[in-house]
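Enquirer: One predicted model, sequence on top.
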Amino acid sequence: MASQQSNTDKMPETQQVTPETTNSVVVVENRLAYIGIIIPMSILGTLIRIGLLRLETYEGAPVFGLVYAQWIGCFIMGIAVQKKGWFQYVYPPLQVGLSTGLCGSITTFSSWQRDIFEGFANYTQANHYTGYNILAAISQLLVTLAMSLNGLIFGRHVGRILLPFEPPPFKLIRRPLAPWQEKESFRKTDWLVIAFGILSWIGVIIAAALATQQRALAFACVFSPVGALLRWYLSFINTKYVNFMYGTFAANMIGTLTLAILSLAGNGVYISSIGCQVLLGLADGFCGCLSTVSTFVVELTSLPLYQSYIYGTTSVVVGQIFMFLIFGTYIWTQGINPTCI
């Protein structure tokens, strides 16, 4: 799903400051503009993820295709985290748009969990011993985690090189979500961002309705803002706890649980063509954007060591429990017969 949402995505506390009481620059953030920027960023992130997955999935590929999307999303996240102050100074919603909207949608925790499970279950029905299933699952787990951490660290390094200095001192002031409460606090940029977000969402809805090809991709773009906005909303829970990111955990678990149900629905039962396209759109769009690896790895690197292991292990174990109980129970009793997903 998209950012260390405890550090990069959370809203700063409301500060009662005025230009007269501080020498710092006052930067006003409007939360409705955050929604406006997350919508197109999540659509863009979904397109990048699906495009990379298609590009890097081929016979004889040295590594599974999804890992490239995980790496790139974490790389951009590293820059967004390293230069958080600059992005907030230039335009506060931009930082959340990059981290929660773009990176959280390029990376996906739910698909990662499904790939781990498919390794355990030998979903491709490869002709090898059962013990190799465990090795396949461990490879999915460790390679994705290692590449994601590598992308995050490399992004931080690039961020230091690109902008080695800090922005001028500034104060962030939170404004209400509803523009009619304080219309004077909304700038033209905010209105443009909000309008662009609405129009971009309407555009992909029309594309999904009219498309004759790539309709599943269009459906993914339609559902992606729903997942990203729900994750952003859940991220506010992170600010209430110190040692466990319950908001990100909830987003990742809901996304994984939903994907397990969709995977079950796409196996063994005939579904119409449009039904399959909707299922694929929900899996790639809603689940892919609701769950996130980029935020997950940022939180792993920021939590105290002991709490980091608890948080990371719990997330993976619970995600696998959902996959085993919902998806695994069916395919081990009824057989593997994918009809859609």
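Expert: Arrived safely, thanks for sending.

Enquirer: In this structure residue 324 contacts residue 117, no?
Expert: Yes - using Cβ atoms under 8 Å, residue 324 and residue 117 qualify as a contacting pair, with a distance of 6.8 Å. Glycine gets a C-beta too; all of them are placed from N, C-alpha and C.

Enquirer: higher neighbour count, these two?
Expert: Each of residue 324 and residue 117 had its neighbours counted (other Cβ atoms under 10 Å), and the higher figure belongs to residue 117 (24 against 15).

Enquirer: And the pLDDT for the nearest residue to the more buried one once chain neighbours are set aside?
Expert: Counting by Cβ to Cβ, 6 or more residues apart in numbering, the nearest residue to residue 117 once its immediate chain neighbours are dropped is residue 323, at 3.8 Å. Reading off the confidence values, residue 323 has pLDDT 97.

Enquirer: who are the neighbours in contact with residue 323?
Expert: Residues touching residue 323, when contacts are defined by Cβ atoms under 8 Å, 6 or more residues apart in numbering, comprise 113, 114, 116, 117, 256, 260.

Enquirer: what secondary structure does it sit in?
Expert: Following DSSP: H, G, I helix; E, B strand; the rest coil, the label given to residue 323 is helix.

Enquirer: and it, how far is that from residue 112?
Expert: Noted for residue 323: a distance of 11 Å to residue 112, by Cβ to Cβ, to the nearest Å.

Enquirer: Then residue 293?
Expert: Separation of residue 293 from residue 112 (Cβ to Cβ): 6 Å.

Enquirer: Repeat that for residue 36.
Expert: Applying Cβ to Cβ, one obtains 29 Å for the distance of residue 36 from residue 112.

Enquirer: what's the burial count for residue 263?
Expert: Residue neighbour count, defined by other Cβ under 10 Å, stands at 26 for residue 263.

Enquirer: Identify the residues contacting it.
Expert: Counting by Cβ under 8 Å, 6+ apart, residue 263 touches 114, 283, 326, 327, 341.

Enquirer: Now the fourth one, what are its backbone angles?
Expert: Okay, so that is residue 327. For residue 327, the backbone dihedrals are phi -80, psi -40 (criterion: degrees, to the nearest 10).

Enquirer: I'd say it and residue 120 touch.
Expert: No - with contact defined as Cβ under 8 Å, residue 327 does not count as touching residue 120 (10.7 Å).

Enquirer: For those two, indicate the residue with more neighbours.
Expert: With neighbours defined as other Cβ under 10 Å, residue 327 and residue 120 compare such that residue 327 has more, 24 against 18.

Enquirer: Distance of the more buried one relative to residue 199?
Expert: Following Cβ to Cβ, the distance that separates residue 327 from residue 199 is 37 Å.

Enquirer: go on, residue 311?
Expert: Taking Cβ to Cβ as the measure, residue 311 falls 38 Å from residue 199.

Enquirer: So the two - more neighbours on which side?
Expert: residue 311 (21 against 12).

Enquirer: which secondary structure element contains that one?
Expert: Assignment of secondary structure by DSSP states H and E places residue 311 within helix 305-322.

Enquirer: Now tell me what touches that helix from outside.
Expert: Counting contacts by Cβ under 8 Å, 6+ apart, the residues touching helix 305-322 from outside are 109-110, 113, 116-117, 120, 141, 243-245, 249, 252-253, 256-257, 260, 296, 299-301, 303.

Enquirer: Drop anything exposed from these.
Expert: Buried members of the contacts of helix 305-322, counted by 16 or more other Cβ atoms under 10 Å: 109-110, 113, 116-117, 120, 141, 244-245, 249, 252-253, 256-257, 260, 296, 299-300, 303.

Enquirer: which stretches of the chain form strands?
Expert: 25-30, 170-175 (DSSP state E).
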